[in-house]
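Q: Here is my input; please provide its structure:
(one chain, ligands or ions: 2)
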Amino acid sequence: MQDDLERILFHETTILRRLDEMAATISRDYRQRDLTVIAILNGSLIFMADLLRRIPLPLKLDCLSVASYHGKTQTSGEVVFKQVALPDVVDRHILILDDILDSGHTLAAIRDKLETANPKSIRVCVLLSKKKVRSREVNADYIGFDIEDEFVVGYGLDFMEQYRNLPYIGVLRKDLITQSAQ
Ligand code: IMP
Ligand code: MG
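A: Ligands and ions are numbered 1, 2, ... in the order given. Sure, this is the predicted structure:
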């Protein structure tokens with residue numbers, strides 16, 4: 001799989017060191033608060049597992065599954081929720097976890113949807129945030145790394161459902177993306 005990468009952006013040790021810092025900040029911010037973490041599947045699975053094990057607070061975990069990409073590298077803009085019922089978050093503080101903030105469509109739609117469930121607060125935590133003008137403005141409260149506007153895979157992030165199990169994050173070779181677009 002490593003041959004499919006143009007270059008490695010973040011090695012596993014770098015990611016885990018950053019997670020230590022993020023977890024410390026989050027643990028401080030949510031002390032004495034009723035926290036519900038909502039992880040967005042499938043991209044945030046590995047990030048979520050490593051981050052939450054570093055947060056020694058009582059918390060609830062729920063997952064939401066959405067589809068917005070349909071196998072391409074550009075967002076379609078349309079966000080489809082795969083489940084009908086939302087978690088019970090009345091009087092709870094929500095922390096949404098996602099792998100990457102790109103166009104903003106996905107997180108904006110999830111945020112809007114969760115607001116209808118009347119939580120006490122909603123914050124957003126992403127492992128990666130692309131430096132770009134977004135179609136929808138989303139303010140991420142916790143960001144692991146800011147990256148350039150390139151297509152990345154690994155550590156949960158996929159291209160056509162592949163590469164999620166790479167333990168590090170890298171930029172996918174552009175010829176692989178154009179090949180599959182043909
Ligand atoms: P957005 O709605 O454009 O912000 O896209 C968010 C979703 O698109 C993420 O949760 C990812 O699943 C996917 N995505 C966006 N950029 C990348 C990337 O560079 N690599 C892999 N997946 C990506
Ligand atoms: Mg994806």
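Q: Sheet partners, orientation included, of the helix or strand bottoming out on mean pLDDT in the chain?
A: Counting by mean pLDDT, DSSP states H and E, the chain has its least confident helix or strand at strand 80-81, which shows a mean of 80. Strand pairing for strand 80-81, determined by DSSP bridges: strand 59-67 (antiparallel).
Q: looking only at pLDDT, what's the mean for the partner strand?
A: Across strand 59-67, pLDDT averages out at 92.
Q: near ligand 1, anything from it?
A: No - Strand 59-67 does not reach ligand 1 (CB under 6 Å from any ligand atom); its nearest approach is 8.1 Å. Every C-beta, even on glycine, is put in place using the N, C-alpha and C of the backbone.
Q: At which residues are the helices of the chain located?
A: In the chain, the helices defined using DSSP state H lie at 12-29, 45-52, 105-115, 174-181.
Q: can you redo those as TSV with distance to ligand 1 and mean neighbour count?
A: Converted to TSV, the helices of the chain look like this (distance: least, CB to the nearest ligand atom, whole Å; neighbours: other CB atoms under 10 Å):
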stretch	distance to ligand 1	mean neighbour count
helix 12-29	15	15
helix 45-52	11	20
helix 105-115	3	18
helix 174-181	10	12
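Q: can you redo the ones you listed as JSON lines with mean pLDDT and distance to ligand 2?
A: Compiled in JSON lines, these are given as follows (pLDDT from 0 to 100; distance: least, CB to the ion, whole Å):
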{"stretch": "helix 12-29", "mean pLDDT": "98", "distance to ligand 2": "18"}
{"stretch": "helix 45-52", "mean pLDDT": "98", "distance to ligand 2": "11"}
{"stretch": "helix 105-115", "mean pLDDT": "94", "distance to ligand 2": "9"}
{"stretch": "helix 174-181", "mean pLDDT": "86", "distance to ligand 2": "13"}
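Q: OK, contacts around K60?
A: Each residue near K60 by CB atoms under 8 Å, 6 or more residues apart in numbering is listed here: L35, T36, V37, P87, R92.
Q: Could you say which one of the helices of the chain comes nearest to S68?
A: S68 lies closest, by CB to CB, to one member of the helices of the chain: helix 105-115, at 5.0 Å.
Q: Just the C-alphas of the closest one, formatted as CSV.
A: What follows is helix 105-115, C-alpha atoms only, in CSV (Å, rounded to 0.1, in the frame of the first residue of the first chain):
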residue,chain,number,x,y,z
HIS,A,105,-20.7,19.9,3.9
THR,A,106,-20.6,16.8,6.1
LEU,A,107,-19.9,18.4,9.4
ALA,A,108,-22.3,21.3,8.8
ALA,A,109,-25.1,18.9,8.0
ILE,A,110,-24.3,16.7,11.1
ARG,A,111,-24.2,19.8,13.3
ASP,A,112,-27.5,21.1,12.0
LYS,A,113,-29.1,17.7,12.6
LEU,A,114,-27.8,17.3,16.1
GLU,A,115,-28.9,20.7,17.1
